[in-house]
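> give me a 3D structure for the following:
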Amino acid sequence: MEVPVYLFTGFLESGKTKFIQEALEGSDFNAGERTLLLLCEEGEEEYEPARFFGKNVFIEPVGEEELNPDHLEKLQRLTRAERVIVEYNGMWLLEKLFQAMPGNWVIYQEMALFDATTFLTYNQNMRQLVFDKMKTAEMVVFNRCDHSVLTEEKKLELHKIVRVANRKSQIIYEFGPDDAEPDNFVDPLPYDLSAPEITVTDDIYAEWYRDINEEQDKYEGKILKVKGRCALGGGLPENAFVFGRHVMTCCVEDIQFAGLLCKWNRAKKLKHGGWVEIKARVQNEYAEVYGEVGPVLYCQEVKASLPADPEVATF
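I've put the predicted structure just below:
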């Protein structure tokens, strides 16, 4: 049986406990379902189970060494929980939790909460951990906001940090009880999708790469001109190569090659690792290298070029 998991992430004193407490006090979220509440850290604020609307909530602290499938499955079995709520430790990477979840546990909702008064400091000093909490969150909430401090310029700064990690998450600014605002900034693409030929300049490669993978349908049939490197071999047919660049999303440790499959009848003449500029038509189709349908670039022109500037693309 599938067990829904509601995941709340953020750093110590970011408001996770208060948010979960208030959710469990409401009949719309807590109508009596048997609920396993996993506490992966202990802050100053404590839960008040007497105020929960439904009383079938079983609170279990979980240490890092206990974050494994056997232990989590045992807790669920002992409590006969129908669902799980996780208050996650902000200093642990999410991958540790995802690997520890029993096979029938499924993330139903993920929310990241941040204290607006300390967020920029955390982002500056612990960027990888901040990015980790935002990259899969459906909603990012900045609480403890102050109308006199959080100007439109400051909101835009927070907006941009979130969007580097996640383009689809909803962003909320919370100023107090019953005083919250949704983020309304629009993220226009830095190129014209309606143009007969789309030129992807060196400085926007990362943004283009993310967009063509997330919304591939809107690129179907488009003509692109873009610079990158060739990757050959790996079982690819002679008329194919992988075209891309190294992208740094968060920090040096997460640099990885971000590429797409290209078809070109002279691909075997290319130099592995060489820089080229291609002009190609996008066709979304199944490719074995993807294991699913994805954007394939059918090259019309391929010519040697100087390296991109900078060589590692960033957002």
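
> okay, CA-based contacts and neighbour counts for the rest of this
Fine.

> surely residue 232 meets residue 244?
No. Between residue 232 and residue 244 there is no contact under CA atoms under 8 Å: 11.5 Å.

> looking at these two, which is more packed in?
residue 244 (24 against 21; other CA atoms under 10 Å).

> for the more buried one, what are its contacts?
Residue 244 makes contacts with 227-230, 257-260, as judged by CA atoms under 8 Å, 6 or more residues apart in numbering.

> which of these sit farthest apart?
Within the contacts of residue 244, 227 and 257 form the most distant pair, 13.8 Å apart (CA to CA).

> out of those two, which sits in the busier spot?
Legend: neighbour count by other CA under 10 Å for residue 227 and residue 257, higher for residue 227 (25 against 16).

> what about the nearest residue to the more buried one once chain neighbours are set aside, how many neighbours?
Among residues not flanking residue 227 along the chain, residue 277 sits closest, at 4.2 Å (CA to CA, 6 or more residues apart in numbering). Applying other CA under 10 Å, we find 20 residues neighbouring residue 277.

> ok, residue 277 to residue 192 distance?
Per CA to CA, to the nearest Å, residue 277 is found 19 Å from residue 192.

> what's the answer for residue 292, then?
Residue 292 is 27 Å from residue 192, by CA to CA.

> and residue 221, by the same measure?
To residue 192, residue 221 is 15 Å away according to CA to CA.

> now the helix or strand hosting residue 206 - C-alpha only, PDB.
Per DSSP states H and E: residue 206 is located in helix 205-214. Extracted in PDB, the C-alpha atoms of helix 205-214 (Å, rounded to 0.1, in the frame of the first residue of the first chain):
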ATOM      1  CA  TYR A 205      23.400  28.200 -21.800                       C
ATOM      2  CA  ALA A 206      22.400  26.900 -18.400                       C
ATOM      3  CA  GLU A 207      19.000  28.600 -18.400                       C
ATOM      4  CA  TRP A 208      18.300  27.400 -22.000                       C
ATOM      5  CA  TYR A 209      19.300  23.900 -21.100                       C
ATOM      6  CA  ARG A 210      17.000  23.700 -18.100                       C
ATOM      7  CA  ASP A 211      14.100  25.200 -20.000                       C
ATOM      8  CA  ILE A 212      14.400  22.900 -23.100                       C
ATOM      9  CA  ASN A 213      14.400  19.900 -20.700                       C
ATOM     10  CA  GLU A 214      11.500  21.100 -18.500                       C
END
